[in-house]
Structure formats: C-alpha cells, structure tokens
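J.: Pasting the sequence and the predicted coordinates here, then a few questions.
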Amino acid sequence: MTSAPLLRIEGLQVNYGPVRALHDVALAVHPGEVVAVLGANGAGKTTLLRTISGLLRPVAGAIWLAGRDLTRLPPHTIAAAGLAHVPEGRGILGRMTVLENLRMGAYTRRDGEIDRDIAELCERFPILHERRHQPAGLLSGGQQQMLAIARAWMARPQLIMLDEPSLGLAPRMVAEVFRMIVAIRERAAVLLVEQNTRAALRLADRGYVLELGRVVLHGPARDLLTDEGLVRAYLGRRAAQGGAA
Ligand code: ATP
C-alpha cells in the first residue's frame, strides 16, 4: 500500500479507570480501503471506535485523519473533519421519518447535492424509498441498520466506521447490509467491526485482530481468511470450519 493513510493510529492506549482496554494499538486505513477489525467479545473493538470518534480519551497515542491530529478534538469536530460513526445499536431517530433521518445525516453540508444523494440512495436501496415517509422506529432491525449506514453516508465522510452492522440480523438482511457497505466504499473508506468474521474478511482489503486490547495479527484479508490456524486461534472454530463465526 503506497498511498498515505487516511486514518493513522499509533501507540493508542485507553483505560477504564484502573483497567487498560487498549494497549499500544497501531492501525491504518488507506483511501478507498475497507479494513475489518475482528476479535472476540471484550477484545476492545468498540473501545477503539469510540476513541477514534472522540467519545473516549486515550491516555497515550495519537490519531490522525488525512494528516490532521484528532486526538484531543471533541466528537462534533471529528465528525466535521470527515469521520462518521455508526454505533452498535444504530442510533437512528425512531420518531423521525426515513427521509428526515437522511437529511439529519447531511446537516453539516452546505452543498446543493443533498437531494441528489438521497435520490441515489433511494434508487440503489429501494426499501429506503418505499419507507421514506414512515417513522424510522417502525422499520425492521435490518432496515434500521441500512438507514443508519445511509444516514452516515449522507454526511459525505472520508471514513465511515461501522460497529457490528450485522449483529442480530436475519441472513437476508445481513446480505443487504454488506451490499450497502460495498456501495459506500465507492465514496468513502470503511473501518468495519464485525463478529461475522468470514463475511467481513471477504469484503475487506485488510484486517486487524484484537485480543485483550492488543493487535495480535494484521494483514491482507485474503491471508487472514485462508490461514486456518489463525482463524481457529483468534476467530473461533466455526469460522475455521467454514461457517460465519
Ligand atoms: P463486544 O463485541 O462485546 O462489544 P469489544 O471487542 O467491542 O466487545 P469493548 O466493548 O471495547 O470490547 O470492551 C473492551 C474491554 O473494556 C472489555 O474488557 C470490557 O469489559 C471493558 N469495558 C468496556 N466498556 C467499559 C466501561 N464503560 N467501563 C469499564 N470497562 C469497560
């Protein structure tokens, strides 16, 4: 990878009181890449995303986006710098309609292309069009996840971070959510936290494996996907046997 990283993290250390949740984490996402962050429950994946977003303060280390040091900036400044975060649980506004949620995603934009972007999303993901006047809270879990990703995309970020987008969804909706990730990578880089390891590695360019707050493995996704010993050791037996872990 020769381009300068879009997101660069060095020496990141995060504590919850006396407990260290991230140890000396280094990671990079290059323009146009999908990078998967994998690991068991409690490995530190959510902590990593929340720290990048400015919701948690690291005790050491630094985070740069397109060369700008984000480490001590507040979340709204980090968002305005081009970083969108779709948290686990989605965070959509249930009483607002699908269209209102999409417009909310674009609230920092001053360009005249917001309606065009909404039209594009509705064309590529017809369920958003069909449900556009419904309160978002009435959508199914998978549809809400799609809306949450679409809303993040409406900000036209440089990088979208997705925390467990397939969690709890039926297989058909998991496929739709992954199709949406393929669509957003045309315009933004993606940092994807997933327990669905095999599906995430099929989509990603590179992956990082976290264990107890440390990066224990990283490399091209196809290498992680085919290294059965590593998959078994870090990602669970089902993944090694060919199932979605
Ligand atoms: P999961 O998939 O279960 O969300 P994760 O890989 O995202 O796991 P984190 O949620 O980042 O892991 O948690 C990393 C570690 O930090 C765990 O040991 C967890 O118990 C601990 N932790 C997370 N949030 C807090 C908190 N608010 N206070 C104290 N400890 C926390």
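T.: Sure thing, it's come through.
J.: residues from this structure in reach of the ligand?
T.: Taking Cβ under 6 Å from any ligand atom as the criterion, the chain approaches the ligand at residues 16, 19, 21, 39, 41-47. Yep, even glycine has a C-beta here, placed from its N, CA and C like the rest.
J.: Just the ones of those in strands?
T.: Here DSSP state E is the test, and the residues of the chain next to the ligand give 16, 19, 21 as lying in strands.
J.: What about those, which one has the most neighbours?
T.: residue 21 (20 neighbours; other Cβ atoms under 10 Å).
J.: Not counting residues beside it along the chain, what's closest to that residue?
T.: residue 47 (4.6 Å; Cβ to Cβ, 6 or more residues apart in numbering).
J.: returning to what we had before: tell me the buried residues within the residues of the chain next to the ligand.
T.: 21, 39, 43-47 (16 or more other Cβ atoms under 10 Å).
J.: Pull out the buried residues from the strand or helix carrying residue 148.
T.: Using DSSP states H and E, residue 148 sits in helix 141-154. For helix 141-154, burial by neighbour count (16+ other Cβ under 10 Å) applies to 142-154.
J.: for it, packing partners?
T.: strand 83-86, helix 98-105, helix 114-124, helix 126-130, strand 159-163, helix 171-184 (3 or more Cβ pairs under 8 Å, 6 or more residues apart in numbering; DSSP states H and E).
J.: Just send those back as a markdown table, with distance to residue 192 and mean pLDDT too.
T.: As requested, those are exported to a markdown table (distance: least, Cβ to Cβ, whole Å; pLDDT from 0 to 100):
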| stretch | distance to residue 192 | mean pLDDT |
| --- | --- | --- |
| strand 83-86 | 10 | 94 |
| helix 98-105 | 19 | 93 |
| helix 114-124 | 19 | 91 |
| helix 126-130 | 21 | 92 |
| strand 159-163 | 5 | 96 |
| helix 171-184 | 7 | 90 |
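J.: Could you save the ones you listed as JSON lines and add columns showing mean neighbour count and distance to residue 12?
T.: Converted to JSON lines, the helices and strands packed on helix 141-154 look like this (neighbours: other Cβ atoms under 10 Å; distance: least, Cβ to Cβ, whole Å):
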{"stretch": "strand 83-86", "mean neighbour count": "24", "distance to residue 12": "15"}
{"stretch": "helix 98-105", "mean neighbour count": "21", "distance to residue 12": "27"}
{"stretch": "helix 114-124", "mean neighbour count": "16", "distance to residue 12": "33"}
{"stretch": "helix 126-130", "mean neighbour count": "15", "distance to residue 12": "35"}
{"stretch": "strand 159-163", "mean neighbour count": "24", "distance to residue 12": "14"}
{"stretch": "helix 171-184", "mean neighbour count": "17", "distance to residue 12": "24"}
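J.: among the ones you listed, which is nearest residue 71?
T.: Nearest to residue 71, of all the helices and strands packed on helix 141-154, is strand 83-86, at 12.8 Å by Cβ to Cβ.
J.: average pLDDT for stretch 23-32?
T.: For stretch 23-32, mean pLDDT rounds to 97.
J.: contacting residues around stretch 14-22?
T.: Contact with stretch 14-22 is made by 12-13, 44, 47-48, 51, 56-59, 213-214, as judged by Cβ atoms under 8 Å, 6 or more residues apart in numbering.
J.: could you redo the last one with a cut-off of 10 Å?
T.: For stretch 14-22, contacts defined as Cβ atoms under 10 Å, 6 or more residues apart in numbering pick out 9, 11-13, 23, 25, 42-48, 50-51, 56-61, 210, 212-215.
J.: Next, the distance between the ends of that stretch.
T.: 5 Å (Cα to Cα, to the nearest Å).
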